[in-house]
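> Build the 3D model from these lines:
(one chain, ligands or ions: 1)
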Amino acid sequence: MKQALTRAVSRSIGGCQLTHLPRTEIDVERARRQHAGYEAALERLGYRVLRLPEEPELPDAVFVEDVALVLDELAIVTRPGAEARRPEAASVARALAEWLPVQTMAGPGTIDGGDLLRIDRTIYAGRSSRSDEAGLEELARHLAPAGYRVVPVEVRGCLHLKSAVTRVGPRELLVQPEWVDPALFEGMRAIEVAPDEPQAANALWSGEAAIHPAAHVATRARLEERGISVLPVEISEIALAEGAVTCCSLLVQL
Ligand code: CIR
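Now for the predicted structure:
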């Protein structure tokens, strides 16, 4: 069974962490409608969606991807780089523990799940303003016994590794080459985002199709030309909080 874990948009999302965007007003009800559309897209791809209740005091809690890495045999609960986001982790850990063994990072290092890109048994880990060397080392210690290797990757100019690159096929990556070097990903073919859509590299691939922000039409055309089926979702309001499509769910294969 394919399970997706999400969390309702917080009424306080307007107070979210921002790194590369100026603060603008976020319409909570519109963000919630868009989030429901995103969950409907997950359901169309065969996922059963479990939505955790809203965390009214945690503005970024909708971005559940950042607090865990879910693999086939275990989940690692991360220690997010932004201190204000650390209280998001406990409730996600409890939900994941219903499905698979959970290990929790002890620190002092930090990792945001948005910096972790899994390709088979390799976890590419972005060194970013959120994920540091000690965090990457601790992650590697948790994952080595299960047979995963952690490969550090330099990213520049964006929040997370998965702002710059995501998987969109068995051997295909969607890449923003200004933010990460596509040559770092062994055995993978890069599809570049359209030049006038720098934010378009974040897609959520299910194995059959990719959920992708509706606004990035030129990049969508590039994906479709390569035979990748795309499910466009409207996430303009969520994007104002520097969120995209991978960050709003954790996918569990049961
Ligand atoms: C943050 O800066 O932490 C949130 N406002 C956005 C997090 C987006 N997460 C992701 O792309 N994995």
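
> The stretch 51-200 of the chain: strands as residue ranges?
68-70, 75-77, 102-104, 116-119, 122-127, 149-154, 165-167, 172-175, 189-192 (DSSP state E, counting those that start in this stretch).

> how much space between R222 and G207?
Per C-beta to C-beta, to the nearest Å, R222 is found 20 Å from G207. All C-beta atoms are positioned from the backbone trio N, CA, C, and that covers glycine.

> Report how many residues lie close to the nearest residue to V252 once chain neighbours are set aside.
With sequence-adjacent residues excluded and distances taken as C-beta to C-beta, 6 or more residues apart in numbering, V252 is closest to Q3, at 4.3 Å. When neighbours are counted by other C-beta atoms under 10 Å, Q3 registers 20.

> Can you name every helix or strand that the helix or strand harbouring Q3 contacts?
Secondary structure assigned from DSSP states H and E places Q3 in strand 2-7. If you count contacts as 3 or more C-beta pairs under 8 Å, 6 or more residues apart in numbering; DSSP states H and E, strand 2-7 packs onto helix 28-44, strand 47-52, helix 89-97, strand 250-253.

> just how off-centre is the last one within its chain?
It refers to strand 250-253. Here strand 250-253 is found 12 Å from its chain centre; the criterion is C-alpha atoms, centre = their mean, to the nearest Å.

> what's near enough to touch L117?
Going by C-beta atoms under 8 Å, 6 or more residues apart in numbering, L117 touches 123-126, 153, 161-162, 165-167.

> In this protein, what residue lies closest to the ligand?
Of all residues in the chain, G114 sits closest to the ligand, at 2.5 Å by C-beta to the nearest ligand atom.

> quick revisit: distance to the ligand and mean pLDDT added to the strands of the stretch 51-200 of the chain, as TSV?
Shown next, in TSV, are the strands of the stretch 51-200 of the chain (distance: least, C-beta to the nearest ligand atom, whole Å; pLDDT from 0 to 100):
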stretch	distance to the ligand	mean pLDDT
strand 68-70	11	98
strand 75-77	15	98
strand 102-104	19	98
strand 116-119	9	98
strand 122-127	10	98
strand 149-154	15	98
strand 165-167	10	98
strand 172-175	14	98
strand 189-192	19	98
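
> you'd agree the residue of the chain closest to the ligand is up against S163?
Yes: counting by C-beta atoms under 8 Å, G114 does reach S163; the two are 7.2 Å apart.

> The residue of the chain closest to the ligand - nearest residue in space that isn't next to it in sequence?
H160 (3.3 Å).

> Just give me the neighbour total for the one you found.
29.

> for M1, same thing?
9.

> Residue numbers of the stretch 151-254 of the chain in contact with the ligand?
160, 241-244, 247 (C-beta under 6 Å from any ligand atom).

> The same query, at a cut-off of 8 Å, please.
The stretch 151-254 of the chain has residues 159-160, 162-163, 202, 241-244, 246-247 near the ligand, with proximity defined as C-beta under 8 Å from any ligand atom.

> Which of those residues sits closest to G46?
Nearest to G46 among those is T246, at 17.3 Å by C-beta to C-beta.

> so the closest one sits right up against W205, yeah?
No: taking contacts as C-beta under 8 Å, T246 lies outside contact range of W205: 9.1 Å.
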